[in-house]
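**Q** Model the following, please.
(chains A and B)
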There are 2 protein chains.
Amino acid sequence: MIAPKVLAFDVFGTVVDWYGTIAREAQALGVDGGEFALAWRAGYQPAMQRVRSGELGWTKIDDLHRMILNEMLPRFGLAHLDEAQRVHLNQVWHRLDAWPDTVAGLTRLKQRFIISTLSNGNLGLLTHMAKQAQLPWDCVLSAEVFRAYKPDPATYLGVAEVFGVQPSEVMLVAAHQDDLAAARACGLQTAYIERLEEYGPKGKDISPDPANTWHAKNLVHLADLLGA
Amino acid sequence: MIAPKVLAFDVFGTVVDWYGTIAREAQALGVDGGEFALAWRAGYQPAMQRVRSGELGWTKIDDLHRMILNEMLPRFGLAHLDEAQRVHLNQVWHRLDAWPDTVAGLTRLKQRFIISTLSNGNLGLLTHMAKQAQLPWDCVLSAEVFRAYKPDPATYLGVAEVFGVQPSEVMLVAAHQDDLAAARACGLQTAYIERLEEYGPKGKDISPDPANTWHAKNLVHLADLLGA
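**A** Here you go, the predicted structure:
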């Protein structure tokens, strides 16, 4: 196996804890924070699908998040939130907490590899998040750069193209098997990261898939596995 | 005057010393290093113009640099360089030295502002350069993201769009008055950086233009001026 030159990271759930951060902020608004976080995230794939299908033109995640939020606020008894409050709440995605191992893991991995985001989140969102959570990216790449959302092959192959390397020299790091499978189909190496509490205390399936190049508990463990 | 939220930096000449680095590497090949650096850089605007005019489709700077290099090597008696040597030499643009004030100035400015590149250099080039020279960018933006070369308004306005701010909340930082004038025409604030030796010991015109928001000797001086 050739060593990768570039590690491309999924972000929501893999690097940062969207559930915990959103649940905490929503709870402070007097609703069931966990339910609120799950409902918001549940609108994510359907919203992107409207872009993938062409029903919507290119639309940033910030704007998709806002569309989902507007639709769900009445259901949570929060229809009274004014524009400024909605803007602030929508930007919670810019201030998601890193998992406890994230900064230490990325800092080690950066010594040996190019570390980049490869997220459906937009560039502004990812940059604000990195600044707030002190994520030491070498480069911020996004679906926004490729004008295509994962799992479109243009995103995975786009990373190789940007860095002038073969797809097999790029490793996607993600907590989601479907993202990894799509990357593998493009020739990338893959590393699965267990994030048992991504969807809250109910847990999720973190079974290994032997098709992945690596299976790691967290990003510090991945640094151990990769000798970084 | 409103405070900017985002500082977007021109890179070649403003942040890194292309002349000094290329002259040194070319000198080691037995040619007049300064002449070689100037000749290579002189091919840069005409090459981009072939893209702007539509004569060439979208072409990365790495590839434009290589076209210019191939054309000029015989004139410098270096036609014998093989493919691996040409690839290595072409990548000198990935390993340009920062000016002595660059890392200190950027590190201070990063505490107060989002700091991003806005360079015609491609994303891979800028990322490799940042890693090598330890440039602490929050985000790497390039003409490659906007599929347009500066001074196309799509580049300057694209920075504001990416970060969800008004053009007047973005400040272009550059050592070139034409780049700054184009940014100003799009509503950006502008900071001129003196780089007297950008083209080598012969010097260059560093007269202030009162149309700029700021005129700074270097990036540490800019941090002083902006209270960062």
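**Q** In the helix or strand bottoming out on mean pLDDT in chain A, which of the residues would be classed as buried?
**A** Least confident helix or strand of chain A, by mean pLDDT, DSSP states H and E, is helix A:44-52 with a mean of 93. Under the neighbour-count criterion of 16 or more other CB atoms under 10 Å in any protein chain shown, helix A:44-52 has A:Y44, A:A47, A:M48, A:V51 buried. C-beta here means a position set from N, CA and C on the backbone, and glycine is covered the same way.
**Q** Show the backbone phi and psi for A:L141.
**A** Backbone torsions for A:L141, taken as degrees, to the nearest 10, come to phi -110, psi 150.
**Q** tell me, how many neighbours does the residue lying closest to it once chain neighbours are set aside end up with?
**A** Computed as CB to CB, 6 or more residues apart in numbering or on different chains, the closest residue to A:L141 that is not its neighbour in sequence is A:S116, at 5.0 Å. The number of residues packed near A:S116 is 23, by other CB atoms under 10 Å in any protein chain shown.
**Q** could you point out which element follows the strand or helix carrying A:S116?
**A** Secondary structure assignment for A:S116, by DSSP states H and E: strand A:114-119. Sequence order places helix A:123-133 as the next helix or strand after strand A:114-119, per DSSP H and E.
**Q** what's the angle from that next one to strand B:114-119?
**A** 140 degrees (axes from the mean of the first three to the mean of the last three CA atoms, to 10 degrees).
**Q** Show the average pLDDT along helix A:123-133.
**A** For helix A:123-133, mean pLDDT rounds to 98.
**Q** Please export the C-alpha coordinates of that helix as PDB.
**A** Extracted as PDB, the C-alpha positions of helix A:123-133 are listed here (Å, rounded to 0.1, in the frame of the first residue of the first chain):
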ATOM      1  CA  LEU A 123     -16.000  27.600   2.800                       C
ATOM      2  CA  GLY A 124     -17.100  30.500   5.100                       C
ATOM      3  CA  LEU A 125     -18.700  28.100   7.600                       C
ATOM      4  CA  LEU A 126     -15.600  25.800   7.700                       C
ATOM      5  CA  THR A 127     -13.200  28.800   8.100                       C
ATOM      6  CA  HIS A 128     -15.200  30.300  10.900                       C
ATOM      7  CA  MET A 129     -15.400  26.800  12.600                       C
ATOM      8  CA  ALA A 130     -11.700  26.300  12.200                       C
ATOM      9  CA  LYS A 131     -10.900  29.600  13.800                       C
ATOM     10  CA  GLN A 132     -13.200  29.100  16.700                       C
ATOM     11  CA  ALA A 133     -12.200  25.400  17.400                       C
END
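**Q** Domain map for chain A?
**A** Chain A breaks down into these domains under automatic domain parsing: A:6-17+A:97-225, A:18-94.
**Q** so which of those is the most packed in?
**A** domain A:6-17+A:97-225 (a mean of 20; mean count of other CB atoms under 10 Å in any protein chain shown).
**Q** Start and end of that domain, how far apart?
**A** 15 Å (CA to CA, to the nearest Å).
**Q** just stretch A:163-170 next, same as before
**A** End residues of stretch A:163-170 are separated by 9 Å (CA to CA).
**Q** The helix or strand harbouring A:H88 packs against which elements?
**A** Per DSSP H and E: A:H88 is located in helix A:83-90. The contact analysis (3 or more CB pairs under 8 Å, 6 or more residues apart in numbering or on different chains; DSSP states H and E) places helix A:83-90 against helix A:61-72.
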